[in-house]
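K.L.:
sharing a model that was predicted from the sequence below.
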Amino acid sequence: MSATAENPPGRSAGAAGAATATAPAPPARAAAPAVEERVRARVISDDPLYRAIPVALRFTAAEPLAVRVVFPAELSPEDTDNEWVFPRALLEAGLLAPTGTGDVRVWPCGRVQAVVEFHSPEGVAVIQFDIAALRRFLRRTYAATATVAATR
């Protein structure tokens with residue numbers, strides 16, 4: 001599951017030597033704040049030893065309702081980053097109680113861990129995170145959203 005962002009079409013310069021009147025460029029808008037938190041997570045499997053993996057949690061104020069969880073390329077059969085995009089509210093609610101019925105499900109696991117389960121046609125991945133890291137990330141996303149709202 002992923003989402004794509006479209007880039008606005010670029011402006012093309014006028015033909016060389018053509019005399020054109022141009023209006024002053026509009027003031028540059030600040031880029032939407034982005035948040036990235038790099039965390040260690042654990043792959044949960046039937047193996048008695050867990051495997052720690054690096055995970056990037058990403059958010060941009062341009063997509064204020066979504067968060068991204070990016071797994072490194074070495075975990076993918078295609079050798080590409082594996083990015084999952086899902087609602088920020090799902091992650092937040094899943095820290096308190098089991099939530100989700102689709103491709104992503106989240107639930108607390110004791111007082112300090114949370115589990116995120118990713119379903120795809122290739123199978124299911126069950127990943128355990130420290131709740132403190134997820135809460136820190138969520139706080140930073142809300143701070144970024146508040147910054148954008150304050151500048152409007």
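P.N.:
Arrived safely.
K.L.:
helices of this protein, start to end?
P.N.:
88-94, 131-151 (DSSP state H).
K.L.:
which neighbouring elements make contact with the shortest one?
P.N.:
The reference is to helix 88-94. Applying 3 or more C-beta pairs under 8 Å, 6 or more residues apart in numbering; DSSP states H and E, one finds that helix 88-94 makes contact with strand 66-71, strand 104-109, strand 113-120, helix 131-151. Bear in mind the C-beta positions are built from the backbone N, C-alpha and C, glycine included.
K.L.:
these: which one's closest to residue 49?
P.N.:
Of all the helices and strands packed on helix 88-94, strand 113-120 sits nearest to residue 49, with 16.6 Å by C-beta to C-beta.
K.L.:
pLDDT score assigned to residue 80?
P.N.:
In the prediction, the pLDDT value recorded for residue 80 is 79.
K.L.:
just name the most buried of the helices of the chain.
P.N.:
Per-stretch averages of neighbours, counted by mean count of other C-beta atoms under 10 Å, single out helix 88-94 among those, with a mean of 18.
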